[in-house]
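Visitor: Could you look at this predicted model? Sequence included:
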Amino acid sequence: MSAVSGGTTAGGGGIGGRARGLVAEMGVPRLLIAGFVVALFATAVATHMDLGSLVTDSIVRVARNGILVLALLPAIQGGVGLNFGLPLGVICGLIGCVYVLNAGIGGVAGLAAATGIGVALAIPVGIGYGWLLNRTRGQEMMVGTYLGFAAVSGMSIFWLLAPFTNPTLVWAIGGKGLRTTLAMPLDSTKVLDRWLQFTVAGVTFPTGAMLAFLGLCALVSWFFRTQMGITIAAARSNPRFARAAGISDERTRVQATVLSTVLAAIGIVIYSQSYGFVQLYTAPLLMAFPAIACILIGGASVTRATVAHVIIGTILFQSILTTALPVTSQVIEGDISETARLIIQNGMILYALTRMGGTRE
Amino acid sequence: MTADPVAAGPASRGKRRGLGTRITNQAVPILFAVLCLFGIGVAKITPPFLIGELLVRVGRNSVLVLALLIPILAGLGLNFGIVIGAMAGQLAAILVVHWGGKGIGGFGAAWVLATPLALLFGIATGMLFNKAKGREMVTGLIAGFFANGLYQLLVLFAFGSLIPFHDPGMVLPQGYGLRNTVDLTSIQYAVDDLIRLRVPLEGVETRVPVVSYAVVLAFCLFTMFFFRTKLGQQFRAMGQDPHVASIAGIPVDRNRLIATVLSTLFAAWGQLLFLQNIGTMNTYSSHEQVGMFAIAALLVSGATVTRATVGQAILGTILFHTLFIVSPLAGKALAGDAQIGEYFRVFVAYAVITVALVLHAWQVAREARE
């Protein structure tokens, strides 16, 4: 952890009063994390690592994970808070992926079909989830977490029993039950990442996937300027006033949850094509936590988030996750990146939880 | 084993408690028992086998479940942070094995060593809970993950590098960081076999861990006694209405801290009791699921987020572990695949917790509206 403290003194000290203002504005954890990123890249430069591949990997991971982070935004804006139930949407997207793989639809058509199925499933799931969250107000985070856990473990039984027959997907022995990790066929792997892909100064840019991420960011941003979006945000910031204006916040919260679940379904399809594998069984179990850490690192709170928070947070956190392993292995033996991820990710969520204010008591 | 209800929630609930909740309170254990009986029938499990297995599992898991009761009484809900207490127990076990502790002496040393660690961790967790009032459960869950990161940093990186720790049998070949498993055979059965008792069950000599059950009983009695003390009554008042309790002069924040510390301490001791029976420790994962399994076990008895008794803790442990023994065997008998049974029991654990959380939140939300 010495790298963390080293990064802060380098980033925050020296300028006195103005620095203190900056600290107050950005928050200590965010500065620490930004300092950590700077320190990681500085170490990479100092040890003459291949900076191009580090940056490439970071960009690929931003595009890969971005939509899953974006999926949290409507829930926060809609007053549902941090959507720990993200795996519910992820499962919908996974079903789409598995269906497409089983049917052998490859390339762009497969991507579109998987997304379509994922979204079609995510809408009713989101409605049900939103309905439940309306009835469990004040405990949305806990209910979401465990509903997600239960759904993931319940789906594990489904993956094992579902009547998929494609021999490339099921276990070779016994001939039934999906494998834990399904490899995508070559024409589907990175189908978006490869679209308009170009290389500048040793940095390869996955244009298609990045456009999908930024495009959806723009779409969500636009949505919150439409009447429906404004209504959702208004009901969150002042439910009583909204009710006086004839807006039911129960309804807007369901809308926000549906949007969040749908984006999670799209997000996992984009994630899987970029990763090249569809991960089933317990893989989605903990997916909400890194995504939540991303949006919080970007500057979001439990009650307010913007698209900028999504983009900045994803860049910062995914850069750490990508560079921590190769960079720290230059300095010390062993893989400290997973440990660092646990501490940063959960430390950030804890920080947000203790600063929510306004107890329910 | 019938103790008073730990906390009845807001006083008005007694009368108006929804029919749904009243049914589910009884329905959950009944449903669970039916599920277990069905599994026993399908897998053709013989009573001696089941009793032998249960004897082991209830003996080693009960204290971890009992650790949940005091925070529930104090209105903190289910303490997902007991994982942190389990880590304290494991750190103590690592050190004692390293120093060559053996038998009951070694176990006692671990027990003593775990105490200050658990106190420290409990105070830290309690302070965190006081900063996140009303969100203790999710905070405890995330705090467990966070502490796991710190635990890894300590055990995987600091041991043998920053902290002098040289033991080729325990440290990874690179010279620092502990191996994936710590061999605890030197303290295995230290408590279980303190008074040796073997009972033949269908010709198989079955170990009866008399002393472990005495320890469990001691924890049960302490918890029941604690509920009746002045402090216990204060906790109950806080659990019913923290605002009123605070006006009545009860030091709510301090008491919440004490409740968390006691729970963490119980968890550390409970984890040690668990480990001495298993005899081997997965350095990086033995503690991870302690919270989930203890909480699920408590909830299958019909206990809720605001109300749990000692009797329910024991009943829940028995029921939950029956399902744990039965479900892989039933899965194998039904679908020819033990894996299904294993997924099923994890699903049941999560589903039970989800249902309990939903019912609790539903009730709180309805009361807030009225």
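Guide: Nice, I can see it. Residues are numbered from 1 along each chain as shown, chains lettered A, B, ... in the order given.
Visitor: Which residue, other than its chain neighbours, is closest to the residue most central in space within chain B?
Guide: Geometric centre of chain B, nearest residue: B:Leu64, 2.9 Å, by C-alpha atoms, centre = their mean. Among residues not flanking B:Leu64 along the chain, B:Gly270 sits closest, at 3.9 Å (C-beta to C-beta, 6 or more residues apart in numbering or on different chains). C-beta: built from backbone N, CA, C; applies to glycine.
Visitor: So the helix ranked longest in chain B, near chain A or not?
Guide: Using DSSP state H, we find that the single longest helix of chain B is helix B:338-369. Yes. Helix B:338-369 reaches chain A (C-beta under 8 Å from any C-beta of the partner chain) through B:339-340, B:343-344, B:346-347, B:349-351, B:353-354, B:357-358, B:360-362, B:364-365, B:368.
Visitor: In ChimeraX, how would I select the buried members of those?
Guide: Per 16 or more other C-beta atoms under 10 Å in any protein chain shown, the buried members of the residues of helix B:338-369 next to chain A correspond to this ChimeraX selection:
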select /B:339,340,343,344,346,347,349,350,351,353,354,357,358,360,361,362,364,365
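Visitor: same for the longest helix of chain B, what does it pack against?
Guide: Judged by 3 or more C-beta pairs under 8 Å, 6 or more residues apart in numbering or on different chains; DSSP states H and E, the packing partners of helix B:338-369 are helix A:107-135, helix A:140-161, helix B:19-43, helix B:290-300, helix B:310-335.
Visitor: related to what we said a few turns ago, am I right that the residue nearest to the centre of chain B is in a helix?
Guide: Yes. Under DSSP: H, G, I helix; E, B strand; the rest coil, B:Leu64 falls within a helix.
Visitor: So what's the model's average confidence on the longest helix of chain B?
Guide: What helix B:338-369 shows for mean pLDDT is 83.
Visitor: One more: stretch B:247-258?
Guide: On average, stretch B:247-258 scores 92.
Visitor: Quick check: buried residues in that stretch?
Guide: B:Ile250, B:Val252, B:Asn255, B:Arg256, B:Leu257, B:Ile258.
Visitor: Need the distance between the two termini of that stretch.
Guide: In stretch B:247-258, first residue to last residue: 19 Å (C-alpha to C-alpha, to the nearest Å).
Visitor: Now intersect the buried residues of stretch B:247-258 with the helices, please.
Guide: B:Val252, B:Asn255, B:Arg256, B:Leu257, B:Ile258.
Visitor: Now for the residue nearest to the last one when sequence neighbours are not counted, how many residues are close by?
Guide: It stands for B:Ile258. Leaving aside its chain neighbours, B:Ile258 sits nearest to B:Leu231 (7.2 Å; criterion: C-beta to C-beta, 6+ apart). By other C-beta atoms under 10 Å in any protein chain shown, the residues close to B:Leu231 number 17.
Visitor: Point out the other elements, helices or strands, that the helix or strand that contains B:Leu231 touches.
Guide: Assessed by DSSP states H and E, B:Leu231 sits inside helix B:230-240. Where contact means 3+ C-beta pairs under 8 Å, 6+ apart, helix B:230-240 is packed against helix B:69-73, helix B:210-228, helix B:242-247, helix B:252-278.
Visitor: buried set for that helix?
Guide: B:Leu231, B:Gly232, B:Gln234, B:Phe235, B:Arg236, B:Ala237, B:Met238, B:Gly239, B:Gln240.
Visitor: what ranges of chain B fall below the confidence cut-off?
Guide: Residues of chain B meeting the criterion pLDDT under 70: B:1-25.
Visitor: From B:Leu117, how far off is B:Ala143?
Guide: 16 Å (C-beta to C-beta, to the nearest Å).
Visitor: The two: who's more crowded?
Guide: Ranked by neighbour count (other C-beta under 10 Å), B:Ala143 and B:Leu117 place B:Ala143 first, with 26 against 21.
Visitor: quick one, what contacts B:Cys220?
Guide: By C-beta atoms under 8 Å, 6 or more residues apart in numbering or on different chains, the contact set of B:Cys220 is B:Met1, B:Ser62, B:Leu66, B:Val310, B:Ala313, B:Ile314.
Visitor: Of those residues, which is the nearest to chain A?
Guide: B:Ala313 (20.1 Å; C-beta to the nearest C-beta).
Visitor: Enumerate every residue touching the closest residue to the closest one other than its chain neighbours.
Guide: Leaving out its chain neighbours, the residue that sits closest to B:Ala313 by C-beta to C-beta, 6+ apart is B:Val65, at 4.6 Å. Contact analysis of B:Val65 by C-beta under 8 Å, 6+ apart lists B:Ala294, B:Ala297, B:Leu298, B:Ala313, B:Ile314, B:Gly316, B:Thr317.
Visitor: Distance-wise, check B:Val65 relative to chain A.
Guide: Distance from B:Val65 to chain A, counting by C-beta to the nearest C-beta, to the nearest Å: 18 Å.
Visitor: Pull the most distant pair out of the contacts of B:Val65.
Guide: B:Ala294 and B:Ile314 (12.6 Å; C-beta to C-beta).
Visitor: Among those two, which residue is more densely surrounded?
Guide: A direct count of neighbours by other C-beta under 10 Å for B:Ala294 and B:Ile314 places B:Ala294 higher, at 30 against 21.
Visitor: What distance do you get for the more buried one to B:Val83?
Guide: Following C-beta to C-beta, the distance that separates B:Ala294 from B:Val83 is 9 Å.
Visitor: cool, and B:His166?
Guide: In terms of C-beta to C-beta, B:His166 sits 29 Å off from B:Val83.
Visitor: same check, this time on B:Ser246
Guide: 29 Å.
Visitor: Between the two, point out the one with more neighbours.
Guide: Comparing B:Ser246 with B:Val83 by other C-beta under 10 Å, the one with more neighbours is B:Val83, at 27 against 16.
Visitor: so that one touches B:Phe293, yeah?
Guide: No. Using C-beta atoms under 8 Å, B:Val83 is not in contact with B:Phe293; the gap is 10.7 Å.
Visitor: got any ranges where the stretch 201-350 of chain A has weak pLDDT?
Guide: A:333-334.
Visitor: who are the neighbours in contact with the closest residue to B:Asp337 other than its chain neighbours?
Guide: The shortest distance from B:Asp337 to any non-neighbouring residue, by C-beta to C-beta, 6+ apart, is to B:Gly331 (6.1 Å). Going by C-beta under 8 Å, 6+ apart, B:Gly331 touches B:Asp337, B:Ala338, B:Gln339, B:Ile340, B:Gly341, B:Glu342, B:Phe344.
Visitor: let's see it at 7 Å
Guide: Applying C-beta atoms under 7 Å, 6 or more residues apart in numbering or on different chains, we find B:Gly331 in contact with B:Asp337, B:Ala338, B:Ile340, B:Gly341, B:Phe344.
Visitor: Can you verify my assumption that the fourth one contacts B:Ser327?
Guide: Yes. Using C-beta atoms under 7 Å, B:Gly341 is in contact with B:Ser327, at 4.1 Å.
Visitor: what number of residues lie near A:Ala201?
Guide: 7.
Visitor: my bad, B:Val96
Guide: Residues near B:Val96, counting by other C-beta under 10 Å: 25.
Visitor: likewise A:Gly89?
Guide: Neighbour count of A:Gly89, defined by other C-beta under 10 Å: 35.
Visitor: who's in contact with it?
Guide: A:Ala71, A:Ala122, A:Ser260, A:Thr261, A:Val262, A:Ala264, A:Ala265.
Visitor: host element of the last one?
Guide: Element membership of A:Ala265 [criterion: DSSP H and E] is helix A:249-275.
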